[in-house]
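Enquirer: Have a look; sequence and predicted model below, questions after that.
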Amino acid sequence: MKCWRGLGLVWAAALAACAPSDWDVAQQAQTDQAIYNGTLTSGYPGTVGLVNGGGNVFCTGTLIHPWVVMTASHCLDGNSGGFLNVLFGDSIWEGGQQVTVGREVLHPNWQQGDGAGAWYDVGLLRLSQAAPVDPTPFRTAPLNNSHYGDQVTMVGFGRSNDNEFEGQKREVQSPIEWMNEAFFTTFGGQGGSCFGDSGGSAFLEGEVAGIIHAGSVCGQDTTMVRVDIHVDSFIQPFLDETDELLANQPEPEAQPEPEAQPEPEAQPEPEAQPEPEGDGAGSGCPVGGGSFAAVLLPALWLRRRRMAP
């Protein structure tokens with residue numbers, strides 16, 4: 001997870017100023033493990049991938065509010081107005097849900113390079129719709145020297161080795177070996193971060209305590225921006241603004257009930273049709289042979305009688 005751009009000379013100078021008990025140079029030389037050689041995970045649903053217009057995961061982030069993702073400013077620098085989606089899931093190749101980003105905000109004091117501007121490598125994304133998972137708690141209490149040696153769990157979508165592309169969620173544990181007022185660094189343990197993990201989650205005591213910022217070698221050292229120092233000045237004001245915007249959104253207009261359709265008019269009963277005239281039965285000329293003879297024979301008999309001599 002190189003900044004994995006960012007710390008450079010400031011980070012190196014800080015290490016040079018540390019006491020040997022804070023940083024064991026010999027241990028650094030011996031460590032060759034690498035989220036680079038981390039473990040695939042289906043946990044940490046609030047740790048998300050940042051997807052560019054080409055459909056590739058290029059950085060990682062953490063959902064800290066139903067509508068807000070926290071990441072590194074260097075992941076967003078130069079992307080103003082560009083296409084950006086947030087991937088909720090475990091892999092860019094195995095489904096998951098992508099949500100479009102509505103707004104990107106870099107810390108106003110962030111600057112690329114090795115100067116003090118690198119201390120502000122924190123950016124925020126407001127989603128275009130509510131996330132499909134619950135937010136991840138983030139640390140507000142200050143870190144202190146009592147956390148030296150504590151195990152940090154780093155989670156990101158970066159490379160796991162030199163032959164892997166970014167795109168699958170992995171986790172790895174490593175102890176805190178150095179800290180100042182802006183950063184803390186892990187070294188040794190199971191490994192570290194690599195390209196694509198930038199902006200990812202660094203969990204301490206169940207909270208996101210750091211944003212993955214930079215490292216010198218994949219899988220060895222990883223430096224995180226401390227979340228606690230940016231809560232009051234940058235993170236919480238943005239969350240409050242988001243809540244205010246959501247509260248002031250007009251309620252969707254109720255759709256009018258469809259008008260009741262009138263009952264169809266009753267059709268009049270058809271008029272009764274007259275019975276058709278008979279074909280001879282009961283009216284008109286008789287048809288049966290017997291009836292015809294009953295009329296004709298008496299007439300013939302009467303005529304014969306009149307003609308008799």
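Expert: Cool, the structure landed. Numbers count the residues shown, from 1 in each chain.
Enquirer: Could I get the full set of strands for this protein?
Expert: Here the chain has its strands, by DSSP state E, at 39-40, 47-51, 57-65, 68-71, 85-88, 97-106, 123-127, 151-156, 170-179, 183-186, 201-204, 207-214, 222-226.
Enquirer: Present those strands as TSV; the columns should include mean pLDDT.
Expert: TSV is the format used below for these (pLDDT from 0 to 100):
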stretch	mean pLDDT
strand 39-40	86
strand 47-51	95
strand 57-65	95
strand 68-71	98
strand 85-88	96
strand 97-106	96
strand 123-127	98
strand 151-156	94
strand 170-179	92
strand 183-186	94
strand 201-204	96
strand 207-214	95
strand 222-226	94
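Enquirer: which stretch among the ones you listed comes nearest Ala247?
Expert: Nearest to Ala247, of all the strands of the chain, is strand 57-65, at 13.6 Å by CB to CB. The C-beta positions use only the backbone N, C-alpha and C, and glycine is treated the same way.
Enquirer: Check which helices and strands the closest one is in contact with.
Expert: strand 47-51, strand 68-71, helix 73-76, strand 85-88, strand 207-214, helix 236-247 (3 or more CB pairs under 8 Å, 6 or more residues apart in numbering; DSSP states H and E).
Enquirer: quick one: which of the ones you listed is nearest Val155?
Expert: Of all these, strand 47-51 comes closest under CB to CB, at 4.5 Å.
Enquirer: and the angle for that closest one with strand 170-179?
Expert: Interaxial angle of strand 47-51 relative to strand 170-179 (axes from the mean of the first three to the mean of the last three CA atoms, to 10 degrees): 100 degrees.
Enquirer: My guess is Gly221 contacts Gly191. True?
Expert: One correction, residue 221 is Asp, not Gly. No - using CB atoms under 8 Å as the test, Asp221 is too far from Gly191 to be in contact (10.3 Å).
Enquirer: Give the residue spans of this structure that score low on pLDDT.
Expert: 1-37, 80-82, 114, 161-165, 188-190, 219, 251-252, 254, 274-309 (pLDDT under 70).
Enquirer: one more time with 50
Expert: 1-2, 4-34, 280-309 (pLDDT under 50).
Enquirer: would you list the helices and strands packed on strand 57-65 in JSON lines and tack on mean neighbour count and distance to Arg103?
Expert: Formatted as JSON lines, those follow (neighbours: other CB atoms under 10 Å; distance: least, CB to CB, whole Å):
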{"stretch": "strand 47-51", "mean neighbour count": "29", "distance to Arg103": "14"}
{"stretch": "strand 68-71", "mean neighbour count": "26", "distance to Arg103": "10"}
{"stretch": "helix 73-76", "mean neighbour count": "26", "distance to Arg103": "11"}
{"stretch": "strand 85-88", "mean neighbour count": "21", "distance to Arg103": "12"}
{"stretch": "strand 207-214", "mean neighbour count": "28", "distance to Arg103": "18"}
{"stretch": "helix 236-247", "mean neighbour count": "13", "distance to Arg103": "9"}
